[in-house]
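A.B. asks: Give the three-dimensional model of this entry:
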Amino acid sequence: MSPLAIPRRWLMFLLAILLVVTPLVSQVLERRVVETHLPRAIEEVVRKRNLDPHTLDRVKRTLLPRDSTTWNKEQATGRLAEAMKRKDFFLTKESDGFKIHLTRPEDLDPTVALRTSGNFVDSLSSVIRRYQVLDEIGRPKSTDLDHDELRVYLRDAVKLVDYADVTKSFDPALSVEAVTLPQETNLLRLYGGESKAIGRFFFCCVFRATIDAALGKTVAYKYWSDASGLATPPGNLRQHLAIAKVPAGTPAIVGTVADNFHDPYGRPAKGGNTQIFIPYIDTFPYQEYQLKRGIGSAWPISEIELVSDDRVLWFRK
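C.D. replies: Numbering: from 1, shown residues only. Have a look, this model is predicted:
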């Protein structure tokens with residue numbers, strides 16, 4: 001037996017675990033982040049309707065019990081469904097957001113209620129993600145805009161020719177924020193094929209990898225980012241990653257990506273992440289990373305790991 005056979009087997013085994021476990025990162029948020037932003041997120045997705053303090057506290061305790069250290073979207077959806085079975089409260093989806101009921105609506109379908117729970121948690125997660133990104137870029141002063149206000153703002157204040165298409169790229173059910181970056185900020189772009197390194201749409205942010213408690217070892221990448229829910233166009237092959245240094249004072253729009261770019265069967269690319277739209281930018285300094293194809297016989301040491309919707313993307317210089 002080769003002296004390297006056992007180590008390689010263990011490395012491949014550990015890698016297999018990573019590939020299974022790591023995509024769940026996009027489903028999980030730190031408790032402190034959720035605790036900080038959950039009240040405002042609930043107010044936004046229910047449009048501040050019928051939110052007395054008792055009701056708000058009841059929903060918060062259901063979504064984030066005291067014994068949890070992290071917030072998992074699937075588990076939160078399950079807890080909401082159980083709360084509705086117990087008749088603690090009920091959720092319905094309205095045309096302009098969600099509504100919380102303390103008594104069961106007569107026409108509430110249990111199947112629809114479960115789906116509504118998932119949609120409610122998805123919306124909360126997107127809003128919390130937006131607040132988290134704003135914190136990462138320095139919590140700039142911002143102007144909240146709804147979907148109609150965004151369209152007018154891009155047309156009249158920003159003077160964009162393609163204001164309608166840009167507006168459609170943001171989730172119409174959630175607010176966006178017009179900001180000016182208070183400091184130099186590293187933003188990310190996935191590109192390749194028809195998409196180029198220089199563009200107007202970015203995402204954020206890069207986080208430092210830590211020791212994986214399940215493995216007892218440092219993970220195989222140095223940095224990672226959540227690239228799920230970006231709804232990139234089909235012509236974007238996502239073979240390259242640009243990390244751009246965007247200067248302080250740059251105007252930007254921060255909001256949730258809408259589902260977009262339907263396939264031949266009418267299924268859209270999934271949105272839900274936070275995008276940063278910079279209306280006018282001719283060029284910027286950036287570092288380029290290339291998609292690493294294949295694992296080979298050695299441990300895949302990579303500079304950055306991106307957690308995507310359906311796979312893990314490894315990039316290195």
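A.B. asks: going forward, measure contacts and count neighbours with C-alpha atoms only.
C.D. replies: OK.
A.B. asks: Which parts of the stretch 1-150 of the chain are helices?
C.D. replies: According to DSSP state H, counting those that start in this stretch, the stretch 1-150 of the chain carries its helices in the segments 5-21, 31-45, 53-63, 73-85, 110-136, 147-152.
A.B. asks: closest one to Gly193 among those?
C.D. replies: helix 5-21 (25.8 Å; Cα to Cα).
A.B. asks: Name the residues linked to Cys187 by a beta bridge.
C.D. replies: Small correction: residue 187 is Leu, not Cys. Leu187 has these beta-bridge partners by DSSP bridges: Ala244.
A.B. asks: for Gln287, that is, sorry about that
C.D. replies: Ile243.
A.B. asks: Okay, it and Glu35: tell me how far apart.
C.D. replies: 34 Å (Cα to Cα, to the nearest Å).
A.B. asks: Which among the helices of the stretch 1-150 of the chain is found nearest to Lys168?
C.D. replies: Across the helices of the stretch 1-150 of the chain, closest to Lys168 is helix 147-152 (Cα to Cα), at 8.6 Å.
A.B. asks: Pull the residues that contact the closest one.
C.D. replies: Tyr163, Ala164, Thr167, Phe170, Asp171, Pro172, Ala173, Leu174, Ser175, Val176 (Cα atoms under 8 Å, 6 or more residues apart in numbering).
A.B. asks: Pull up the distance across stretch 91-102, start to finish.
C.D. replies: Using Cα to Cα, one end of stretch 91-102 lies 9 Å from the other.
A.B. asks: Hmm, Leu241 is touching Tyr191, no?
C.D. replies: Yes - assessed by Cα atoms under 8 Å, Leu241 is found in contact with Tyr191 at 6.3 Å.
A.B. asks: Quick check on the two: which one has the bigger neighbour count.
C.D. replies: Comparing Leu241 with Tyr191 by other Cα atoms under 10 Å, the one with more neighbours is Leu241, at 25 against 22.
A.B. asks: roughly how far apart are the residue nearest in space to the middle of the chain and Asp122?
C.D. replies: By Cα atoms, centre = their mean, the chain has its centre lying nearest to Asn273, at 2.8 Å. As for Asn273, its distance to Asp122 is 10 Å (criterion: Cα to Cα).
A.B. asks: thinking again about what came up before, reformat the helices of the stretch 1-150 of the chain as JSON lines; add distance to Pro251.
C.D. replies: Listed next are the helices of the stretch 1-150 of the chain as JSON lines, based on distance: least, Cα to Cα, whole Å:
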{"stretch": "helix 5-21", "distance to Pro251": "37"}
{"stretch": "helix 31-45", "distance to Pro251": "24"}
{"stretch": "helix 53-63", "distance to Pro251": "34"}
{"stretch": "helix 73-85", "distance to Pro251": "32"}
{"stretch": "helix 110-136", "distance to Pro251": "13"}
{"stretch": "helix 147-152", "distance to Pro251": "14"}
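A.B. asks: okay if I get the ones you listed as JSON lines plus mean neighbour count and distance to Gly97?
C.D. replies: Compiled in JSON lines, the helices of the stretch 1-150 of the chain are given as follows (neighbours: other Cα atoms under 10 Å; distance: least, Cα to Cα, whole Å):
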{"stretch": "helix 5-21", "mean neighbour count": "13", "distance to Gly97": "32"}
{"stretch": "helix 31-45", "mean neighbour count": "17", "distance to Gly97": "6"}
{"stretch": "helix 53-63", "mean neighbour count": "14", "distance to Gly97": "16"}
{"stretch": "helix 73-85", "mean neighbour count": "18", "distance to Gly97": "17"}
{"stretch": "helix 110-136", "mean neighbour count": "20", "distance to Gly97": "9"}
{"stretch": "helix 147-152", "mean neighbour count": "17", "distance to Gly97": "13"}
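A.B. asks: Perfect, that will be all.
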